[in-house]
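S.K.: Below: sequence and its predicted model.
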Amino acid sequence: EYAYLQQGRYQDARRVLGIMEENARRSNATRVRGSMIFMRAAYLAETGQWTSPVQTVSTDGLSAGARATDQFINALAKLQTGSIAGPEDVIRRLRAGSPGAQAMGGQLESALRMKEGKVEDALAAAASAAEKEDRLNYEFGPPFPVIPAHEFYGEMLLRAGRTKDAAKQFALALRRAPGR
């Protein structure tokens, strides 16, 4: 699915995600549910189809990273579709977690502040998220956090009209994940 998303082959990615949804309906195994969370998050984040009816699964017994990713993507989807109610609690929980969760908390706070029109606060939160992500070990495969923090920061800078600064952040994101 991730490779299809990176190639812009969203229908193919959705087909693979559909296979995982069927597996998740048939199995309550933690590995299947954990994979489903990360695949769902990647699909929503990469396509921007925030209201897409992608199946959700229980996070009971899953890793802290899977639970944080689920909380992050659900709150971000609400923000992207117009609701600014409720993310403060999710931000607080994420900020109290692992460095990866803290990065997602910073991204969520950044998105909220941008939605509120608090551009400098949004950029500060995005910068903080990037600093947190920089402390994480690089792992092969889809990114964690699901939206690379420097890429997210670059997007926020673009929204603020700071194209040169955005280009620097995108270059840093590509250094961490070449070819993304």
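M.R.: Alright, I've got the coordinates. Numbers count the residues shown, from 1 in each chain.

S.K.: what's the nearest residue to Phe170 if we skip its chain neighbours?
M.R.: Gly154 (4.4 Å; Cβ to Cβ, 6 or more residues apart in numbering). Heads up, the C-betas are built off the backbone N, CA and C, glycines and all.

S.K.: What is the neighbour count of that neighbour?
M.R.: Counted with other Cβ atoms under 10 Å, residues neighbouring Gly154 total 24.

S.K.: Please report the distance of it from Ala45.
M.R.: Distance of Gly154 to Ala45, computed by Cβ to Cβ, to the nearest Å: 14 Å.

S.K.: do Ala29 as well
M.R.: With Cβ to Cβ as the criterion, Ala29 and Ala45 are 24 Å apart.

S.K.: Looking at these two now, which is surrounded by more residues?
M.R.: Remark: of Ala29 and Ala45, Ala45 carries more neighbours, 22 against 12, as counted by other Cβ under 10 Å.

S.K.: Now for that one: which residues touch it?
M.R.: Contacts for Ala45 (Cβ atoms under 8 Å, 6 or more residues apart in numbering) come out as Ile73, Leu76, Val146, Ile147.

S.K.: give me phi/psi at it?
M.R.: Backbone dihedrals for Ala45, given as degrees, to the nearest 10, come out at phi -70, psi -40.

S.K.: what's the answer for Ala3, then?
M.R.: With angles defined as degrees, to the nearest 10, Ala3 sits at phi -60, psi -40.

S.K.: same deal with Glu46?
M.R.: Per degrees, to the nearest 10, the backbone of Glu46 is at phi -80, psi -30.

S.K.: Might one say that it is in contact with Leu5?
M.R.: Yes. Under the criterion of Cβ atoms under 8 Å, Glu46 makes contact with Leu5 at 4.1 Å.

S.K.: Common neighbours of those two, please.
M.R.: Here Glu46 and Leu5 have Ala13 as joint contacts, going by Cβ under 8 Å, 6+ apart.

S.K.: Could you tell me which residues within stretch 119-128 count as buried?
M.R.: Val119, Ala122, Leu123, Ala124, Ala125, Ala126, Ala127, Ser128 (16 or more other Cβ atoms under 10 Å).

S.K.: thinking again about what came up before, tabulate the contacts of Ala45 (TSV), appending pLDDT.
M.R.: TSV is the format used below for the contacts of Ala45 (pLDDT from 0 to 100):
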residue	pLDDT
Ile73	96
Leu76	96
Val146	93
Ile147	95
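
S.K.: any chance of these in a markdown table, plus secondary structure and distance to Gln169?
M.R.: Shown next, in a markdown table, are those (DSSP: H, G, I helix; E, B strand; the rest coil; distance: Cβ to Cβ, whole Å):
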| residue | secondary structure | distance to Gln169 |
| --- | --- | --- |
| Ile73 | helix | 21 |
| Leu76 | helix | 18 |
| Val146 | coil | 17 |
| Ile147 | coil | 12 |
